[in-house]
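[1] Okay, predicted coordinates and the sequence, questions at the end:
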There are 2 protein chains.
Amino acid sequence: MQKIVECVPNFSEGRRREVVQQIADAINAVDGAKVLDFSLDADHNRSVVTFVAPPETVGDAAFEAMAKAAELIDMTQHTGAHPRMGATDVVPFIPIKGVTMDDCVAIAKAVGQRVGDELGIPVYLYENAATRPERQNLANVRRGQYEGIRDSIATDPARTPDFGPAKMGTAGATAIGARQFLVAYNVYLTTSNVDIAKKIAKAVRHSSGGLRFAKAMGLEVDGKAQVSMNLTDFTRTPIFRVVELIRREAARYGVGIESSELIGMIPQQALVDAAVWYLQLDGFSPEQVLENRLASAASE
Amino acid sequence: MQKIVECVPNFSEGRRREVVQQIADAINAVDGAKVLDFSLDADHNRSVVTFVAPPETVGDAAFEAMAKAAELIDMTQHTGAHPRMGATDVVPFIPIKGVTMDDCVAIAKAVGQRVGDELGIPVYLYENAATRPERQNLANVRRGQYEGIRDSIATDPARTPDFGPAKMGTAGATAIGARQFLVAYNVYLTTSNVDIAKKIAKAVRHSSGGLRFAKAMGLEVDGKAQVSMNLTDFTRTPIFRVVELIRREAARYGVGIESSELIGMIPQQALVDAAVWYLQLDGFSPEQVLENRLASAASE
């Protein structure tokens, strides 16, 4: 089966398109790496690049992007509405196909080492790659932003980077980590009563006692009650379980699910998992998907 | 999105592995074509080759295979238990991804023309590519087998081929057509009572009033009642509808579905269709599957 890692680095440049284009070009120049999309936000003065690559080269592509960003972006000149600490601000590696979270953690650490050693940029490992519990949360790592970290990195032990010098240059510092693909998923109810959506959201979301990797809120969209969600690990809190829990809670109020919608992209695995669960395909193997066999054949 | 056609030609050679290997090699030599599997049956003296290719070259690969088979297989020397009429007996083109049935019909006709003109082999178009209703069914086309067709092809207007001469040489005649992917699917019930499986199979199958593209029978496997099915067009009789109909019929007898199983391969589309239906993802687009975006990017 073809192996795919996604990487979604954020850069502190949201106004000069040519800079982000050069970063994207540096990624595309690496064997097997392909930029799917990039977008710039002028107010945040920040850009997001989405690319995919096989596990063997995804780290090289991220490194080349970070080297280019360090060359073209000067954090001493940067202002913008979004919290930030480096030219390359954050680099998450995301397992998509034939790759485990552990593989992505190993990639994050190897890239962090190279970036620290070769580019002289302080690197903090975060989320699943974090070496300290308080660094799992990106907001903690980035607290104080570029200026605050620059002034305390040499003296505050809590700021000691995982790789690279305890000293920030014009490229600032970078958070590198591994996380699951984030699924943005909304369910529309057969009611306009937003209170029901809010009660269901409360039942579903982790923070108020619900499912471990679900964030949810109830709101009204186009006159319909909607349960709006972010699923932060669809491999452990699968979409079908979320939808069926919502269906049960909704029935309690005498309403049903009218439809659902997926915002943005989803890995094939999340949909195949749903099909296998609903169809009760207990012995199913991913190699039974014809396209997966084709990818295996192509990589022989 | 990446485009894929599957082709599953059958050859009248099930004993000499080196002959089938040479045919497979001829297919693999065509740009983009890849043999996924081939198997020989000595009693039937027949082999089945499964390959995939993009729509642009799948016809060339099939042509090269047929040219090689005509060179290496002599129908005047062939005996075997399975009905057969040519060195290459039958060539179905099957839409898998980003390709319509009409595309596959057009490919079948173009290949048929080339085989008739360049190899001098009589070609009968069958199934979705058939030019006469009675030729939709392959069994009708093959009636009388090699010897019978050889003796009547020049004189019986019903035997006039769609392409090529009304005269058979040592390569015999070939049926070329287009059909949907065949899904082999079994459902196990929470009972050992095979009579219930038989009643459900009768309700589900087309021949006794059920779903248009479902064949079904009830049997006992490992002490469990099983509804065993062939779904001949999953785009029009989708798996989820079959499973939910079985679930409803089973409930009528007080039993449920214990599990289901898929025999062999399935196109990704069939599973995605099930996920979309159960999750009620009304506005879903195949381009939201990350792997499809990747394939699009790769083919730019």
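    Everything's here; your move.
[2] Run a quick neighbour tally on residue A:248.
    11 (other C-beta atoms under 10 Å in any protein chain shown). C-betas here are computed from N, CA, C, even on glycine.
[3] wait, I meant residue A:258
    16.
[4] Surely it touches residue A:189?
    Yes. Between residue A:258 and residue A:189 there is a contact under C-beta atoms under 8 Å: 6.3 Å.
[5] so what's in contact with the two at the same time?
    residue A:224 (C-beta atoms under 8 Å, 6 or more residues apart in numbering or on different chains).
[6] list the buried ones in the host helix or strand of residue A:175?
    Applying DSSP states H and E as the criterion places residue A:175 in strand A:174-178. Judged by neighbour count using 16 or more other C-beta atoms under 10 Å in any protein chain shown, the buried positions of strand A:174-178 are A:174, A:175, A:176, A:177, A:178.
[7] tell me what the helix ranked longest in chain A is packed against?
    When chain A is scanned for its longest helix (criterion: DSSP state H), the result is helix A:101-119. In terms of contacts (3 or more C-beta pairs under 8 Å, 6 or more residues apart in numbering or on different chains; DSSP states H and E), helix A:101-119 is packed against strand A:4-7, helix A:58-72, strand A:88-97, strand A:123-127, strand A:174-178.
[8] Try it again at 7 Å.
    Under the contact definition 3 or more C-beta pairs under 7 Å, 6 or more residues apart in numbering or on different chains; DSSP states H and E, helix A:101-119 sits against helix A:58-72, strand A:88-97, strand A:123-127, strand A:174-178.
[9] just to revisit the earlier point, can you name every helix or strand that the helix or strand just after the strand holding residue A:175 contacts?
    Next in sequence after strand A:174-178, counting helices and strands by DSSP H and E, comes strand A:183-189. Counting contacts by 3+ C-beta pairs under 7 Å, 6+ apart, strand A:183-189 packs against strand A:224-231, helix A:239-252, strand A:257-263.
[10] what does the stretch 151-300 of chain A put close to chain B?
    Proximity of the stretch 151-300 of chain A to chain B, by C-beta under 7 Å from any C-beta of the partner chain, involves residues A:239-240, A:243, A:257, A:259-262, A:265-268, A:271-272, A:274-275, A:278-284, A:288-291, A:293-294, A:297-298.
[11] Among those residues, name the buried ones.
    A:239-240, A:243, A:257, A:260-262, A:265-268, A:271-272, A:274-275, A:278-281, A:284, A:288-291, A:293-294.
[12] Just send the helices and strands packed on strand A:183-189 back as JSON lines, with mean pLDDT too.
    Shown next, in JSON lines, are these (pLDDT from 0 to 100):
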{"stretch": "strand A:224-231", "mean pLDDT": "95"}
{"stretch": "helix A:239-252", "mean pLDDT": "98"}
{"stretch": "strand A:257-263", "mean pLDDT": "95"}
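[13] Relative to chain B, which residue of the stretch 51-200 of chain A is the closest?
    residue A:52 (5.4 Å; C-beta to the nearest C-beta).
[14] Isn't that residue up against residue A:3?
    No. Applying C-beta atoms under 7 Å as the test, residue A:52 and residue A:3 come out as separate, 10.4 Å apart.
[15] Those two - which one has more neighbours?
    residue A:52 (25 against 18).
[16] now the closest residue to chain B within the stretch 1-150 of chain A, which residues is it bridged with?
    Among all residues of the stretch 1-150 of chain A, residue A:34 sits closest to chain B, at 4.7 Å; criterion: C-beta to the nearest C-beta. Legend: beta-bridge partners of residue A:34 under DSSP bridges are residue A:52.
[17] hmm, back to that, of all the residues in the longest helix of chain A, which ones are buried?
    A:101, A:103-109, A:111-116, A:119.
[18] just those residues now: which is nearest residue A:195?
    residue A:101 (37.8 Å; C-beta to C-beta).
[19] Per-residue pLDDT of residue A:294, please?
    In this model, residue A:294 is scored at 72, pLDDT.
[20] Reduced to three states, what does the residue located most distally from the centre of chain A come out as?
    Computed with C-alpha atoms, centre = their mean, the maximum C-alpha offset from the centroid of chain A is found at residue A:254, amounting to 36.2 Å. Following DSSP: H, G, I helix; E, B strand; the rest coil, residue A:254 is assigned to coil.
[21] Now it: phi and psi?
    phi 80, psi 20 (degrees, to the nearest 10).
[22] Can you tell me how far it is from residue B:63?
    Per C-beta to C-beta, to the nearest Å, residue A:254 is found 62 Å from residue B:63.
[23] what's the answer for residue A:124, then?
    Where residue B:63 is concerned, residue A:124 sits at a distance of 59 Å (C-beta to C-beta).
[24] And for residue A:126?
    56 Å.
[25] go on, residue A:266?
    Residue A:266 is 39 Å from residue B:63, by C-beta to C-beta.
[26] which residues touch residue A:112?
    A:123, A:125, A:162, A:163, A:176 (C-beta atoms under 7 Å, 6 or more residues apart in numbering or on different chains).
[27] go again using 8 Å as the cut-off
    Counting by C-beta under 8 Å, 6+ apart, the residues that residue A:112 touches are A:123, A:125, A:129, A:162, A:163, A:164, A:176.
[28] What pLDDT is listed against the third one?
    According to the prediction, residue A:129 has pLDDT 97.
[29] Show me the shaky parts of chain A.
    Filtered on pLDDT under 70, chain A yields the residue ranges A:1, A:295-300.
[30] ok, 90 please
    A:1-2, A:37, A:80-82, A:98, A:222, A:263-265, A:286-287, A:290-300 (pLDDT under 90).
[31] Any idea how many residues pack against residue A:7?
    With other C-beta under 10 Å as criterion, residue A:7 counts 26.
[32] Thought residue A:95 was touching it, still the case?
    No. In this structure, residue A:7 is not within contact of residue A:95 by C-beta under 8 Å, at 10.9 Å.
[33] surely residue A:233 meets residue A:211?
    No. Between residue A:233 and residue A:211 there is no contact under C-beta under 8 Å: 10.1 Å.
[34] for residue A:193, phi and psi?
    The phi/psi pair for residue A:193 (degrees, to the nearest 10) is phi -80, psi 100.
[35] so who does it touch?
    Residue A:193 touches A:225, A:253, A:255, counting by C-beta under 8 Å, 6+ apart.
[36] Let's have the residues you listed in JSON lines, adding neighbour count.
    Shown next, in JSON lines, are the contacts of residue A:193 (neighbours: other C-beta atoms under 10 Å in any protein chain shown):
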{"residue": "A:225", "neighbour count": "26"}
{"residue": "A:253", "neighbour count": "16"}
{"residue": "A:255", "neighbour count": "18"}
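[37] Looking at these, which is nearest chain B?
    Using C-beta to the nearest C-beta, the contacts of residue A:193 come closest to chain B at residue A:255, 13.6 Å.
[38] Make sure that closest one is actually in contact with residue A:194.
    No. Shown here, residue A:255 and residue A:194 do not form a contact pair, counting by C-beta under 8 Å, at 11.9 Å.
[39] Now the common contact residues for these two.
    residue A:225.
[40] Which helix or which strand is home to residue A:274?
    Short version, using DSSP H and E: residue A:274 is in helix A:268-279.
[41] any idea of the angle that helix forms with strand A:183-189?
    Relative orientation of helix A:268-279 and strand A:183-189, computed by axes from the mean of the first three to the mean of the last three C-alpha atoms, to 10 degrees: 40 degrees.
[42] how about the CA coordinates for helix A:268-279, as PDB?
    Extracted C-alpha coordinates of helix A:268-279, given in PDB (Å, rounded to 0.1, in the frame of the first residue of the first chain):
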ATOM      1  CA  GLN A 268     -10.100   7.600   2.800                       C
ATOM      2  CA  GLN A 269      -9.600   5.600   6.000                       C
ATOM      3  CA  ALA A 270     -12.200   7.600   7.900                       C
ATOM      4  CA  LEU A 271     -14.900   6.800   5.300                       C
ATOM      5  CA  VAL A 272     -13.800   3.200   4.900                       C
ATOM      6  CA  ASP A 273     -14.000   2.700   8.700                       C
ATOM      7  CA  ALA A 274     -17.600   4.000   8.600                       C
ATOM      8  CA  ALA A 275     -18.600   1.700   5.800                       C
ATOM      9  CA  VAL A 276     -17.000  -1.300   7.500                       C
ATOM     10  CA  TRP A 277     -18.800  -0.500  10.800                       C
ATOM     11  CA  TYR A 278     -22.200   0.000   9.300                       C
ATOM     12  CA  LEU A 279     -22.000  -2.900   6.900                       C
END
